[in-house]
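Asker: Got a predicted structure plus its sequence, pasted below:
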Amino acid sequence: MRRAFPGSVASVAYPWVVSLYQMDDPGDLIAPSLVAAFDGWVDSGSAATTALASLASDARVVARFDADRLFDYRARRPTLDIVDGRLTEIVWSELVLRATRVGERDLLILAGAEPDYRWREFADAVLELARQLGVAEWISLGAIPAAVPHTRPVPILGTASEPGLLRGGIKPGPLGRLRVPAALVSVLELELSRTGIPAVGYFAQVPHYVSGPYPSAALELLRSLGRHLGLALPEGGLRDESDRLRIHLDSLATGDTQTRAYVERLESMVDEERQPSGDDLIEEIERFLRDGGTENSQR
């Protein structure tokens, strides 16, 4: 937007900066950790956004981002409710920053739909908020498709802006260079770390043959976050959902010889502690993206 100021000779137009967010009263926050997750390809099985949903449910809103400037509504259409032939309600995508306290720790939660537009402007806005709110650390949560079996604990890969930041026995990886399409959560992690804010990421590996929600990965991400923060985080119904899905997948694998053989091969790789290479992960991610962001299902 440009605003013209009248002068004695001619009107001169100046840029008029409009903030990308509106901030509410944040209350008293003490060195909060900012935890973020967005949907998209780095949220395989909706694991990361599901993990944060339980924490965000009762959290208060401290900032609202301008959704009209961030989302493409043709690609991410609002939901319309029609009751008995009468239009009743439209629910629009939104993106908000929430605050909550767990034990003695203050947490800021940024989770939801990944913006379609203005990533750099959005990163500047998040950095500005982080400075205003005294953020002590950044934590990314994500999930990626990988050649791992559903019969073993969900593997977690870590990223860190400097050595020694990851906790709970999680190691940075994979080794070597991994070049993939960037996700917004990683853009933010990198930008905040460049300003001196310690930044880490925890990324679950989701079996590529599973489609739909994968609560086992959401549960492990929540536990990884809890170990990082030194907190026992509420798990909601994730444990029961994970158990039900495990039983379902086991029955499918038992009933199909080819599927069972494939799962057993993946199990042997895990049991031999063969960590995935960067090339292996790239292959799975590229296949995932070629399929339009949906895993091939054996369910």
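Answerer: Thanks, I have the structure now. Numbering: from 1, shown residues only.
Asker: for stretch 36-49, what is the average pLDDT?
Answerer: Mean pLDDT, computed over stretch 36-49, is 95.
Asker: Just give me how far that stretch sits from the chain centre.
Answerer: With C-alpha atoms, centre = their mean, to the nearest Å as the basis, stretch 36-49 stands 4 Å off its chain's centre.
Asker: what's next to it, contact-wise?
Answerer: Residues from elsewhere that reach stretch 36-49, judged by C-beta atoms under 8 Å, 6 or more residues apart in numbering: 51-52, 109-115, 138-145, 181, 183-186, 188-189, 203-204, 206, 210, 212-215, 217-218, 221, 285, 288-289, 293, 295. All C-beta spots, glycine's among them, are computed from the backbone N, C-alpha and C.
Asker: Endpoint to endpoint, that stretch covers what distance?
Answerer: 8 Å (C-alpha to C-alpha, to the nearest Å).
Asker: May I see the buried residues of that stretch?
Answerer: Along stretch 36-49, these residues count as buried under the neighbour rule (16 or more other C-beta atoms under 10 Å): 36-49.
Asker: what does stretch 53-61 give?
Answerer: The neighbour-count check on stretch 53-61 (16+ other C-beta under 10 Å) flags Ala53, Ser54, Leu55, Ala56, Ala59 as buried.
Asker: For Tyr262, state which of those is nearest.
Answerer: Using C-beta to C-beta, Ala53 comes nearest to Tyr262 of the buried residues of stretch 53-61, at 31.4 Å.
Asker: Just to check, the closest one is in contact with Ala111?
Answerer: Yes - the pair Ala53 and Ala111 passes the contact test of C-beta atoms under 8 Å, sitting 7.2 Å apart.
Asker: Can you tell me how far Arg64 is from Ile197?
Answerer: According to C-beta to C-beta, to the nearest Å, Arg64 stands 22 Å off from Ile197.
Asker: Between those two, which is the more surrounded one?
Answerer: Neighbour count, other C-beta atoms under 10 Å: between Arg64 and Ile197, Ile197 has more, with 18 against 14.
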